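Enquirer: let me see the structure of the following:
(2 chains)
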Amino acid sequence: MAIPLSYNLRNLRLRKSLTIMTALGIALTVATAVFIMALLAGLSKAFATTGDPLNVLMLRKGSDSELAAGGVSRDAMQVLRDLPGVAKNSKSEPLVSGEDILVVVLPRKGGTGDTNVTTRFLTPLGIEMRPQIHIIAGRWFTPGQREVVVSSSINRRFEHANIGDTVHIGKGDWPIVGIFDASGTAHDSEIWGDINQLVTDFERTVYSSVLLRATDPTVAQALKNRANDDQRLELKGLIEPEYYASQTRSGGPIKFVGWIVATIMAIGSCFAAANTMYAAVAYRGREIATLRVIGFSRPSILTSFLLESLILSLLGAALGIVLMLPFNGMTTGTQNQVTFSEVVFSLQMTAPVIISAVLFALIMGTLGGFAPAWHASRRDILTALRD
Amino acid sequence: MTLSAFVRKNAFRNKRRSILTILSIGFSLLLLTFLITVWRSFYDSKPSEQSAQRLIVRHKVSLVFNLPSYYRQKIQSLPHVKEVVNQQWFGGQYRDDKPDNFFAQFGTDPMELLKVYPEYQIPQDQLEAWQHDRAGAIVDVGLADKFHWKIGDRLNITGKIFPVNLELTIRGIFTPPDPTQAIYFNKDYIDEGFSRLKGSEGFFAVLADSPDSVTTVAQAIDEQFRNSDKPTKSESEHAFQLGFIGMLGNIKAFIMSICLAVVFTILLVCANTMAMSIRERTREVAVLKTLGFTRNSILGLFVGEAVSLAVVGGLIGSIVCFVLVKGMASSGGFFTGMKVTPITMAIAVLIAAIVGFASSFIPSYNASKVNIVDGLRHIG
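Expert: Okay, here's the model as predicted:
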C-alpha cells in the first residue's frame, strides 16, 4: 500500500526553513538553466520566423552570407527578372529585389562597447516583398535620398538611433526618418536605406544578394535549382527560411558555455538536495520504523521519500521559473556568426523551455533523493525503533 | 583538545553530510573559478611587452571596409612608427565548417610581418623559404600540432568571403609566446584571384617605438586620414581584441549574473548544513556553556566549522578547475591560452570563506545565545 502524499507534504511543511532553503538552491539552478534556454529559444525564434518559403535568396556561388565580397552582377539580376515563375506585383513588375548589405559600427547603450550593425539597402519593391514589416514611427525612406529607417530593437539598444539622429555611412550622414517593426525576425537587427543612393555613393557594381519571389513553393524550389545549375550566373540559390535557419548556429557560444554552467550547477544542487533528504530521513528514523511495523512495505517507503524529494525539486522549479518571469521578453544581442554583425533577440520562455526546466529539476530531485530514500527503506526496524 | 581540533572533529562528525556539503560547494566553486578565469582572460589580461607596443589601424566605419594600400607608406613616415604591415582576414574554410577546424588565415606581406611581430620565433631558413614562395604559408606551432602538419604539406582553403580558393604549401612553423591559432600567407595570392582587392588592405598592424608612444601614434594616424575618403580608427592591439569580445554581446553582465546565482547557491547550501548541524547540537551548546565556554568562543566554534567546510570545498573546486582548464587549453578551441592562476584560485577560496562565514553567522549567533536551562531540556 502506498503512503499518502499528504504525509510528505506535512513533513516538508514541518521543517519549513530547511525546505525553503533547499528549494531556493534548486530554484537558482533552474533559473540559470531557464535563462540560457530562453536565450537560445529567442535566438532560434528570430531566425526561424524570418523568411518566406516563397522567397528565394541568391548569393554569389561559394559564399554563405550576404556580406561576402563579390556578389550578384547586374547582368545576372536581369536574367533573374525574366525567369519564368517569378511572381509579379499589382503593377506587373517582377518581384525581384537587388539588395546591398553593409555594416556600420554603432555604440550600444550603457557604454558596453561598439558593435557591427547590418545595414540593408533596397528599393520599395524589397519592402513590398516583406509584408510582415511595417513602420511604427515616422515614415519609410524616400528613394533617391540619403535616408534610413531603423528597427525598433536597434532604436532601443543603441545610442543615437532615434528619428532625427544621423548614421554616418560612406560619404555622408544619413538621417533616420522612421522606425520599423520586424516582429522578432532577423530584420529586427537591421537598418534599412535606399539602394540607388548607396550605389551612387559607393560605386558598387554588384548586389550583395538578390531576393526573388516565386508564384508557389514548388516553383521556388525550381528557381533555386535553376540558379544553382546555371554555370553562367555563378549563383547560389537558397530558400529564404533556409538561409536564416543556418544562422541559428550563432547561438553556439551561448549553448556551449550554457551547458557547462547548467551541468555543474545541477550536480552541486543534487548534492545539496541529497543532504536535505538525508536529514529528513535521519530525523524520522523512528517514524519510518513505525510505518514499517504498521505494514507499509519497503518499496512504498522508497517511493514515498523519492516523491518527497521530487516535490521539493518541483517547488524549486516553480520558484526558479517565477524568478525568471520578469526577464521574459528582455532583448539582448550577440554576434551573428554568419554576418559578423549584431543579432538582436529576446528571451523567450516558451513552453518547451518551461517543460525542460521542470524535467531538469525532476532529474535533480531523483538523483539527489534516491540514495536517501533507499537508505530509509533499508533501515533495520528494531534499531530504528530504539533510536 | 585545542579549539581547532574541536572544530575539525565536529565538522566531520556527520561524515556523509560534510562530504555532500563539501562536494556541493566544490562544484559551485569549480564553476565560479571557471567563470573568473574566463572573465580575467577577457578583461584582466595584461598585454605582452610587444603587444603593448602595437596598434591596429582599420577603417573607421567597420573592419568590413578596406583601406588603400598606400596608407602603409604614409603611416610608416609618421614619427615614433617603427614598422607597418598590411593584413587581410581571409575567413576561408579548412576541410569543413565544423568549429573544430576553424582557424584564422591572414594574407600579409612576408617580408615585413616578422618585423612587426618580433616575438614570433621562426628559423631563418623557413622564413626565407616562405618569402620566396608566393603560395607559401607559415603556421602557428599549436595548429601544426593539432592537425599534424609538417613543412611541405599542402593546405587547401576554400574562400567563403572571397571567390578564391587557396592551395598553400607550409613553408614554416612559428612559435608565438601565446597561441594565435593563425596561419599567414602572401596577400598577393588573394589579389591574383580577386583583382578588386588589389590596392586595398583589411587593416594595418603598426609597431611603435615604445608602449608610451602608442596613444600619440594612434592620434597622429587618425588625424592624418581624418578628412580623407577613408578615415581610420587606430587603437592598441589589446583594445582591438577587447572590441571583438564586446561584439559577442554583454558578456560582463552574463558572467556576473551567473556568478551571483552561484554564490547564492553556495550561501544556501552552507546555511542549510549549518542550520541542520547546529539544531542537532542545542543540548551540547548548553553543556559547553555549563563547562565555562563563553558565547564568543561558541560562536567562533560554529563559524569556524562552516568556514572550514566552505574553504575545503573551495580548494577542491578550484584545484579541479585548474586541472580541467589546463587539459582543455591544450586541446585548442575556446580555452586556448586560458590559465587558472593562483590569484584566481585565491579569489575563489576567499569568496568561499566569506560565504561560509556569512551563511553560518545567524544560526551560530542564535545557538550561542541559547539559555543553558532551555538548551539542556531541548530534545533534538
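Enquirer: name the SS class of residue A:204, please.
Expert: coil (DSSP: H, G, I helix; E, B strand; the rest coil).
Enquirer: wait, isn't it in contact with residue A:100?
Expert: Yes. When contacts are counted by C-beta atoms under 8 Å, residue A:204 is listed as touching residue A:100 (5.9 Å). Every C-beta, even on glycine, is put in place using the N, C-alpha and C of the backbone.
Enquirer: hmm, the helix or strand hosting residue A:282 in reach of chain B?
Expert: Using DSSP states H and E, residue A:282 sits within helix A:252-283. Yes. Using C-beta under 8 Å from any C-beta of the partner chain, helix A:252-283 reaches chain B at A:252-253, A:256-257, A:260-261, A:264-265, A:267-269, A:271-272, A:274-276, A:278-279.
Enquirer: for PyMOL, what selects the buried ones among the residues you listed?
Expert: The PyMOL selection below is limited to those of the residues of helix A:252-283 next to chain B classed as buried (16 or more other C-beta atoms under 10 Å in any protein chain shown):
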select buried, chain A and resi 253+257+261+264+265+267+268+269+271+272+274+275+276+278+279
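Enquirer: neighbour count winner among residue A:204 and residue A:100?
Expert: residue A:100 (20 against 16; other C-beta atoms under 10 Å in any protein chain shown).
Enquirer: for residue A:287, grab the count of nearby residues.
Expert: Around residue A:287 there are 14 other residues, counting by other C-beta under 10 Å.
Enquirer: confirm it sits in a helix?
Expert: Yes. Judged by three-state DSSP, residue A:287 forms part of a helix.
Enquirer: quick check: residue B:367 touching residue B:302?
Expert: Yes. Using C-beta under 8 Å, residue B:367 is in contact with residue B:302, at 6.1 Å.
Enquirer: mind listing the strands for chain B?
Expert: B:54-59, B:67-68, B:81-89, B:93-94, B:104-108, B:136-140, B:154-158, B:166-174, B:182-186, B:200-201, B:203-208, B:232-236 (DSSP state E).
Enquirer: mark out where each domain of chain B begins and ends.
Expert: B:3-46+B:250-377, B:61-230 (automatic domain parsing).
Enquirer: compile the ones you listed into CSV and extend it with columns for mean neighbour count.
Expert: CSV is the format used below for the domains of chain B (neighbours: other C-beta atoms under 10 Å in any protein chain shown):
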stretch, mean neighbour count
domain B:3-46+B:250-377, 19
domain B:61-230, 18
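Enquirer: among these, show the one with the smallest mean pLDDT.
Expert: Among the domains of chain B, domain B:3-46+B:250-377 carries the lowest mean pLDDT, a mean of 86.
Enquirer: how far does that one sit from its chain's centre?
Expert: 25 Å (C-alpha atoms, centre = their mean, to the nearest Å).
Enquirer: list the residues that contact residue A:171.
Expert: A:201, A:202, B:229 (C-beta atoms under 8 Å, 6 or more residues apart in numbering or on different chains).
Enquirer: excluding its backbone neighbours, what's nearest the residue in the stretch 51-200 of chain A that chain B sits nearest to?
Expert: Of all residues in the stretch 51-200 of chain A, residue A:113 sits closest to chain B, at 3.3 Å by C-beta to the nearest C-beta. Excluding its sequence neighbours, the residue lying closest to residue A:113 (C-beta to C-beta, 6 or more residues apart in numbering or on different chains) is residue B:246, at 3.3 Å.
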